[in-house]
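S.K.: following is a predicted model, sequence given first.
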Amino acid sequence: MEAARSAGWMGEDIRGSGFDFDIEIHLGAGAYICGEETAMLESLEGKRGMIRFKPPLPAHQGLFGKPTVVNNVVTLASVPDIINRGGESYAEYGVNRSTGTLAFQLAGNVKRGGLVEKAFGVTLRELIEDWGGGTATGRPVRAVQVGGPLGAFLTADQLDIPMDYEAFTAIGAIVGHGGIVVFDDSVDMAAQARFAMEFCAIESCGKCTPCRIGSVRGVEVIDRLVAGIDRKENYDLLMELCDTLEDASLCAMGSMTPLPVRSAVRYFAEDFGAREGEEEIDE
Amino acid sequence: MNKVRQADLGTPAGASHDMVQLEIDGAPVTVSAGTSILRAARESGVDVPKLCSTDSVQPFGSCRMCLVEVEGRRGYPASCTTPVEEGMEVRTQTDKLAKLRRNVMELYISDHPLDCLTCAANGDCELQDMAGAVGLREVRYGFDGENHLDGGIDGSNPYFHFDASKCIVCSLCVRACDEVQGTFALTIQGRGFGSKVSAGIEEGFLNSECVSCGACVQVCPTATLMEKSIVDNGLPDHAIETTCAYCGVGCSFQAEMKGDQVVRMTPSKNGQANRGHSCVKGRFAWGYASHPDRILSPMVRETSSDPWREVSWEEAIGYAAKRFEEIQEKYGRKSIGGITSSRCTNEEVYVVQKLIRAAMGNNNVDTCARVCHSPTGYGLKETLGTSAGTQPFESVMDADVILVIGSNPSAGHPVFASQMKSRLRQGAKLIVADPREIELVRSARIEAAYHLPLLPGTNVPMINAFAHVVIEEGLVDEEYVRERCDTESYEAWKASIIRPENSPEAVSGITGVPADDIRGAARLYGSADRAAIYYGLGVTEHSQGSTMVIGMANLAMATGNIGFSGVGVNPLRGQNNVQGSCDMGSFPHELPGYRPVGNDEARRQFESHWGVSIDPEPGYRIPNMFDAACADTFKGMYIQGEDLAQSDPNTQHVEEALGRMECIVVQDLFLNETSKFAHVFLPGTSFLEKDGTFTNAERRINRVRPVMKPRQGKDEWGITQELAQALGYDMNYASSAEIMDEIAELTPTFRNVSFKLLDEVGSVQWPCNEGAPVGTPIMHVGEFVRGKGRFIETEYVPTQERASRRYPLLLTTGRILSQYNVGAQTRRTENTVWHPEDLLEIHPSDAETRGVREGDLVSLASRKGDITLKATVTERVQPGVVYTTFHNPETGANVVTTEYSDWATSCPEYKVTAVEVTPATHRSEWQRGYEERASQQGKIIGRD
């Protein structure tokens, strides 16, 4: 930014154009919830990072009550290419309605982690195996969480589905910001489901009841389920809790936490304490 | 279900005039645009469940109980945060919604104690109600999970407790503190499941910035914030709407009763002055009414050094009448008189002045307004034509610039201050002219554009400088002045104001305020679209009090700031009925309705109704009564509810005057400083026992309804009536309503007022007559009451009270939030926890040069007397100025104050006294005498 400013590409009267543009960077204090746009606006105003209800949308009433456009870094990263080569050229990348590219973030149990920008349509398998070099442990992939800590888990059977918003939605998953976390066959998916609830409990702003209390109860219910206590009742309760979180939460934090939980239960039921000879939990 | 809970429409009303039609559960509903679905439903009688919203604060959307389905929309939007739209189809009850609500409620109850049967809120708990409404039957999570059940109770506040184990973290308390009260004392600390309500930074309610207004307790949907009176007594069984008897805001309250005992006072949402808000005094400090100090039997004694003897009403009244008659026989008709009380109802005041005029046969009636707002009556009448403020309180919500002079609203008029603060948070600009840095100057989310810390006694040059800038910089609203004001008086005023001695630069040296600040503030006021002035006793209680009131009226007229909403000249009146007591003819020169006793026509009207002849000569004002008493020509007084000996200036002179009289009749709740000199004590009634009306600072006539029978057996107007009869005058009212009927008949501005009308419409602002059948919120609309607004020149004549080498500091006096006036009531409540004694505020530099440290005993001496009190060292006062309150009689703050007074109205100059402060080791001589008298003189035969 200093370089851009001193070269006259940022600040007042850019290159004599009479046009002003500047960037000011604010460092967050680390709260996950402040990634939610309204909590971020509250935080920028110097208040607690709490979710605002919508409407009004930030575009109408945002920072300090003024119309505000909130973009994430992924969006801004696509801007230079669009400026350089035009929107049409950018839209030539991708598949179906998911046009353009995304900077995928490879992490977890993967040999070469990091960022790789690819056009939509690339498969998880290509990303993990071709770009990531497979698992770091060399063991087979068992589960992949896509789209961040609130994203669904996919199984090894789903690695060939193309990165496409609609295709992912169709299987109850999300592309989200393109974060990819790889797990090998040693993963305990009940622990991952528990972690999803725990993450929600730790990062919840505490404003709405489903998220504030539900996430804590979610951890407790999974613990009972895994311990084999009243399995049927606790399974039903967990599913109802997921419904409550999804339908009644104020923001995506609470309403998306069921994604990893439900997908873990659905695809990896054996990890939730089903013992030899015990009836599988029915959905 | 709770029997007395006030209706709650869930969210604030939509402000738009556009109407929107929608369908809720198949029924058409029409509401104003901007209304929430929740409110639209509740307005049409559909009770959508809710926990975190109420109609006094903005919606929040946290509880998720009010979810609804909207045709064509995904998901389940919260009805509290979703505004209505034209043609919307809303479903509030479906199987899916029922399940969601039940499951959310299940989460709540999984972290809540199951002690409903022994809970103080049992029967008055929204959580309980909602659990019932959604049909919660089990908590499948069990009760062994993580919880807050060991959250503990903060019982530090004397009136309510905070039980953390019952908190559902709805944030209503935090939002009420922010939005309704404007103090921002509460917050949510932590996040997620660890979120909890914290007063300050875990300071506890008592030690935090909490002002104990009760707004949080009012909105709490559980027993988390609960009145201790309810914890102790249980829930009320009925409620009666009445009016608070503390300050001039005149808040409406629901007296919540159990039989004939008050268990809680809650601010009434219907109250047109307070709209559901309250302060620590009205909300909580009502226990004095049943304090053991209440005197419930009439008492007499031969001399003031004898012990009191309890007697029958007949004997007491007969004794008083006989003594008054004897005095009149010996010293003449004009040798007795009386004082009406601004604490009493209009009806009670009216009969006292009538007793004096009709039964005593003179005009020796005055009232405590003499010592507070008499300059307001004079100044506003002379310029605008009416002795009252121009606006309703809600007008402040339209003001762009607010000028506060000599008033500390957050202490003196807290409920109005909250409204003013909410306007300031919306962006109105604030100018404060006050010797002290009052709370408004810099408080949560509020900062005055200008604080002008003028020296006590220099209001007039300040307001003249404002006017000077307005004229000099072309900010006069010429068209307004031309059309609405007397231009001849305007030209004369203008010529005097524009003289160089009134420029900010010249005035700066007198006021001690930089010229640029005066200029900037004047410019801000003068160029505002709508500018409003609010003032208090810091304006009136000066030797130029009337000049200053006139100066403010001049300024408001010149800038076109009278006659519509958002503007005006607004006195914040001190006592609950000080406006009313003035209206009721309490002044020696005026009959009810401010008609001069010298006016033959007015007098004849009363004479024919009262069947007596009225003295055309004005009677004594309070200070004249004292002077005459010292000259042995004024020998008897009937004092209704005012403690002259504590509240009037130069205590030692007052005491001498009282001591020389031959019959002092005190009618009051408690023995007080004045009753130490009395011969007859007639016990009065508290506001809870009164039937009548109070008139607040916005001319609003509010009903005061009895919630219990008079504890001493008689209505106060009945006592006065019996005294009149004993003096041979046939006064014969059957009820308080009859007195109001007579007031209406004889007072043109009250012509339409009746208890029946008030019971129908809630309250009215006078004038209320043929031209304004339900009252007049804003005065001087289109035309001033006197016709053309009259400018009057305001030359500055400094007070004779000057600082000198011997008395180098200036003392100014005032009051604080938790105490009220002479403290007779508030000292008998737990409000003393906030203010156990009067303190002297002194600036660090003045303290240091005198060797005074925080908490030291100091002697405060003036030319009139000296007292000893504790010092507190603070920059709230400027160097050269010290400040104290007069709430405690043993302090004797008025031993120090002088008898200088307003040139027009004799209002004492409490606000300027030259003093010296020195370290002290013991109480002053007066104070030692006080202690002696206090132990000797409240003795009652047959009692300890």
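M.R.: Perfect, I can see it now.

S.K.: correct me if wrong: residue A:179 contacts residue A:146.
M.R.: Yes. Proximity of residue A:179 to residue A:146 meets the contact threshold set by C-beta atoms under 8 Å, at 7.1 Å. For every residue, glycine as well, the C-beta is placed using N, CA and C.

S.K.: neighbour count: those two, which is higher?
M.R.: Neighbour totals were compared for residue A:179 and residue A:146, and residue A:146 leads with 25 against 17 (other C-beta atoms under 10 Å in any protein chain shown).

S.K.: return the residues in contact with the more buried one.
M.R.: Taking C-beta atoms under 8 Å, 6 or more residues apart in numbering or on different chains, we find residue A:146 in contact with A:124, A:152, A:154, A:168, A:173-176, A:178-181.

S.K.: could I get these as TSV with distance to residue B:696?
M.R.: Listed next are the contacts of residue A:146 as TSV, based on distance: C-beta to C-beta, whole Å:
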residue	distance to residue B:696
A:124	72
A:152	63
A:154	69
A:168	65
A:173	65
A:174	60
A:175	63
A:176	59
A:178	64
A:179	63
A:180	68
A:181	66
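
S.K.: in the sheet, who's paired with the closest residue to residue A:91 other than its chain neighbours?
M.R.: The shortest distance from residue A:91 to any non-neighbouring residue, by C-beta to C-beta, 6 or more residues apart in numbering or on different chains, is to residue A:99 (4.3 Å). Beta-bridge partners for residue A:99, by DSSP bridges, are residue A:94.

S.K.: so residue A:145 is in which element?
M.R.: Counting by DSSP states H and E, the element that carries residue A:145 is strand A:141-146.

S.K.: could I get the full set of strands for chain A?
M.R.: Along chain A, counting by DSSP state E, strands occupy A:94-95, A:98-99, A:101-108, A:114-119, A:141-146, A:153-155, A:179-184.

S.K.: next, the angle from the longest one to strand A:114-119.
M.R.: The directions of strand A:101-108 and strand A:114-119 differ by 150 degrees, with axes from the mean of the first three to the mean of the last three C-alpha atoms, to 10 degrees as the criterion.

S.K.: show residues contacting strand A:101-108.
M.R.: Strand A:101-108 is contacted from outside by A:74, A:77-78, A:81, A:90, A:93-94, A:112-120, A:122, A:127-128, A:131-132, A:144-145, A:163, A:175, A:177-183, using C-beta under 8 Å, 6+ apart.

S.K.: can we see that at 7 Å?
M.R.: Contact with strand A:101-108 is made by A:74, A:77-78, A:93, A:113-120, A:127, A:131-132, A:178-183, as judged by C-beta atoms under 7 Å, 6 or more residues apart in numbering or on different chains.

S.K.: low-confidence bits of the chain, can you list those?
M.R.: Using chain A here. Along chain A, segments meeting pLDDT under 70 span A:274-283.

S.K.: sorry, should have said chain B
M.R.: Ranges of chain B meeting pLDDT under 70: B:1-3, B:937-938, B:944.

S.K.: quick check: longest helix of it.
M.R.: helix B:313-331 (DSSP state H).

S.K.: buried residues, that helix. List them.
M.R.: B:313, B:316-321, B:323-325, B:327-328, B:331 (16 or more other C-beta atoms under 10 Å in any protein chain shown).

S.K.: where exactly do the strands run in the stretch 451-600 of chain B?
M.R.: Taking DSSP state E, counting those that start in this stretch as the criterion, the stretch 451-600 of chain B carries its strands at B:531-535, B:569-571, B:590-591, B:595-596.

S.K.: what sits up against the last one?
M.R.: If I follow you right, that is strand B:595-596. B:589-590, B:602.

S.K.: repeat that with 10 Å
M.R.: B:585, B:587, B:589-590, B:601-603, B:605-606, B:616, B:618, B:746-748 (C-beta atoms under 10 Å, 6 or more residues apart in numbering or on different chains).

S.K.: that one pairs with which strands, parallel or anti?
M.R.: The strands beside strand B:595-596 in its sheet (DSSP bridges) come out as strand B:590-591 (antiparallel).
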